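K.L.:
coords please:
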Amino acid sequence: MAKKKKGNPHCPVAGCQTKKPHADDPIVKALMMEFSPPEKMTAWVLAAMAELRESICRDLEEEKVFAWHSRLRQPEELYIRTLYALFVASDKELPHIISGDMPNGLSGLKHVLAAVQILHRPNSAAKSPA
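P.N.:
Below you'll find the predicted structure:
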């Protein structure tokens, strides 16, 4: 019988190595107050994506190919992380997400990634005759 791995008592995110609750950090507390309400989170994300768009366009105009290439994934990653924070993450996971602590990769966001793939599929019903 396999032994069940004990989770971190300070964080529900698998693999997190924090030694104290993320919400005890004054910076995380302040960020939670500003960014965790959904209406504020979406407003900040919209502003950030607009700035990224401007930056990406400026990189193209100035022929900064490496800068342009390195920014390409940022809007999509921000979009996916925001969807995860809004619709999938529990209230206990939000402090971890906002803290930026590891692990913070997209592997834990598989539910959101699958949903986004479904949303971006062409509507097969629209192609079939009525």
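K.L.:
Low-confidence regions, this structure specifically.
P.N.:
Along the chain, the parts satisfying pLDDT under 70 run over 1-5, 105-113, 123-130.
K.L.:
Would you mark the buried spots in the longest helix along it?
P.N.:
The residue-count maximum for a helix in the chain (DSSP state H) belongs to helix 38-61. Within helix 38-61, the residues that count as buried by 16 or more other C-beta atoms under 10 Å are Met41, Val45, Met49, Ile56, Asp59. The C-beta positions use only the backbone N, C-alpha and C, and glycine is treated the same way.
K.L.:
go on, stretch 78-87?
P.N.:
So, applying 16+ other C-beta under 10 Å, buried residues of stretch 78-87: Ile80, Arg81, Thr82, Leu83, Tyr84, Ala85.
K.L.:
Was I right to think the first one contacts Ala114?
P.N.:
Looking back up the chat, that one is Ile80. No: using C-beta atoms under 8 Å, Ile80 is not in contact with Ala114; the gap is 11.0 Å.
K.L.:
and Met32, what does it touch?
P.N.:
The contact partners of Met32, by C-beta atoms under 8 Å, 6 or more residues apart in numbering, come to Ala23, Leu94, Pro95, Ile98.
K.L.:
Could you measure from the spatially closest residue to the second one that is not a sequence neighbour over to Ile97?
P.N.:
Distance criterion C-beta to C-beta, 6 or more residues apart in numbering; nearest residue to Leu94, sequence neighbours excluded, is Ser36 at 5.6 Å. When distances are taken as C-beta to C-beta, to the nearest Å, Ser36 and Ile97 turn out to be 9 Å apart.
K.L.:
Tell me which of those two has more neighbours.
P.N.:
Ile97 (22 against 15; other C-beta atoms under 10 Å).
K.L.:
which residue ends up closest to the midpoint of the protein in space?
P.N.:
Centroid-nearest residue in the chain: Arg81, 1.4 Å away (criterion: C-alpha atoms, centre = their mean).
K.L.:
distance between stretch 72-92 and the chain's centre?
P.N.:
Taking C-alpha atoms, centre = their mean, to the nearest Å, one finds the center of stretch 72-92 at 3 Å from the center of the full chain.
K.L.:
still on that earlier bit, could I get the CA-only coordinates of the longest helix of the chain as PDB?
P.N.:
Extracted C-alpha coordinates of helix 38-61, given in PDB (Å, rounded to 0.1, in the frame of the first residue of the first chain):
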ATOM      1  CA  PRO A  38     -13.200  39.600  -9.300                       C
ATOM      2  CA  GLU A  39     -14.200  43.000 -10.600                       C
ATOM      3  CA  LYS A  40     -10.900  44.500  -9.500                       C
ATOM      4  CA  MET A  41      -8.900  41.500 -10.800                       C
ATOM      5  CA  THR A  42     -10.500  41.700 -14.300                       C
ATOM      6  CA  ALA A  43     -10.000  45.500 -14.400                       C
ATOM      7  CA  TRP A  44      -6.300  45.200 -13.600                       C
ATOM      8  CA  VAL A  45      -5.800  42.300 -16.000                       C
ATOM      9  CA  LEU A  46      -7.500  44.300 -18.800                       C
ATOM     10  CA  ALA A  47      -5.100  47.200 -18.100                       C
ATOM     11  CA  ALA A  48      -2.100  44.900 -18.100                       C
ATOM     12  CA  MET A  49      -3.100  43.300 -21.300                       C
ATOM     13  CA  ALA A  50      -3.600  46.700 -23.000                       C
ATOM     14  CA  GLU A  51      -0.100  47.700 -21.800                       C
ATOM     15  CA  LEU A  52       1.300  44.400 -23.100                       C
ATOM     16  CA  ARG A  53      -0.400  45.000 -26.500                       C
ATOM     17  CA  GLU A  54       1.200  48.500 -26.700                       C
ATOM     18  CA  SER A  55       4.600  47.000 -25.800                       C
ATOM     19  CA  ILE A  56       4.400  44.200 -28.300                       C
ATOM     20  CA  CYS A  57       3.400  46.700 -31.100                       C
ATOM     21  CA  ARG A  58       6.200  49.000 -30.100                       C
ATOM     22  CA  ASP A  59       8.700  46.100 -30.200                       C
ATOM     23  CA  LEU A  60       7.500  45.300 -33.800                       C
ATOM     24  CA  GLU A  61       7.800  48.900 -34.900                       C
END
